[in-house]
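[1] got a predicted model here, sequence first, then my questions.
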Amino acid sequence: MTGPADDPFLAALTQELGKKTGVCWLRYDGREHAAWHVWLDDALYLVSGGAEQPLPGIEDTSSVEVVMRSKENGGRLLTWVAAASVVHPTDELWEPVTGALVSARLNLDDLSTAAADWAEHSVVTRLAPTDAVVESPGALSDASHRAEPGPTRATTRGPLPKVFHRRMKRRPKLS
């Protein structure tokens, strides 16, 4: 495995994908999780827990595989290994990181209290690229990477309605 430190192309590609994409997939603890993120300086940052995206156990993980897709066609383009660490509210990175996360976060109820809420109820994680790249352009695996959906408490309220036949849609005659 080569890594971003060994190959300037992979380093530039990792940084460009981190900046251009807003969603990546994280592999850790035998599961895959979709996650929105922000690229700041030299690493991906994400917030989880509380009212944010569920990433169970991310704070206890030291190594994460990050799968990034192409912005043009949506296909898997790069998989790299990241060193995961928690950004605490007392760290000097807290202010710039939460500022970037707040500005990138869609549909926040209150922008002014988001960072304080994250400090109390959520975990901000830094994913820094290591020297290991699992998949890169020209060296992608042929595996489908399909996975079973995770368990959920979601359910339907009752049986779905039965449809015996479809109603034909009639277009009005224009002439």
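    Nice, thanks for sending it over.
[2] contacts for stretch 149-160, please.
    If you take CB atoms under 8 Å, 6 or more residues apart in numbering as the criterion, stretch 149-160 is touched by Arg31. The C-beta positions use only the backbone N, C-alpha and C, and glycine is treated the same way.
[3] identify the residues contacting the residue most central in space within the chain.
    Residue closest to the average C-alpha location in the chain (CA atoms, centre = their mean): Ala35, at 2.2 Å. Ala35 makes contacts with 23-26, 46, 48, 53, 55, as judged by CB under 8 Å, 6+ apart.
[4] and the strand or helix carrying it, how far out from the chain's middle?
    Secondary structure from DSSP states H and E places Ala35 in strand 31-36. Remark: strand 31-36 is offset 5 Å from the chain centroid, using CA atoms, centre = their mean, to the nearest Å.
[5] list the buried ones in that strand?
    33, 35-36 (16 or more other CB atoms under 10 Å).
[6] so which elements touch the helix-or-strand element of the chain with minimal mean pLDDT?
    Counting by mean pLDDT, DSSP states H and E, the weakest-scoring helix or strand in the chain turns out to be helix 8-20, with a mean of 88. In this structure, helix 8-20 packs against strand 38-40, strand 63-69, strand 76-87, strand 123-135, with contacts taken as 3 or more CB pairs under 8 Å, 6 or more residues apart in numbering; DSSP states H and E.
[7] that older thread, what's the closest of the buried residues of strand 31-36 to Val133?
    Distance to Val133 across these (CB to CB) is lowest for Ala35, with 19.1 Å.
[8] who's that closest one bridged to?
    Taking DSSP bridges, one obtains Cys24 as the residues bridged to Ala35.
[9] buried ones among the contacts of Ala35?
    For these, a burial check counting by 16+ other CB under 10 Å picks out 24-26, 46, 48, 53, 55.
[10] so where is this structure shaky, pLDDT-wise?
    1-6, 167-168, 175 (pLDDT under 70).
[11] could you rerun that using 80?
    1-6, 74, 136, 138-152, 154-175 (pLDDT under 80).
[12] Cys97 touches His88, doesn't it?
    Quick fix: residue 97 reads Val, not Cys. No. Applying CB atoms under 8 Å, one finds Val97 not in contact with His88, separated by 10.7 Å.
[13] which one's more surrounded, those two?
    For Val97 against His88, the residue with the higher neighbour count under other CB atoms under 10 Å is Val97, and the figures read 24 against 11.
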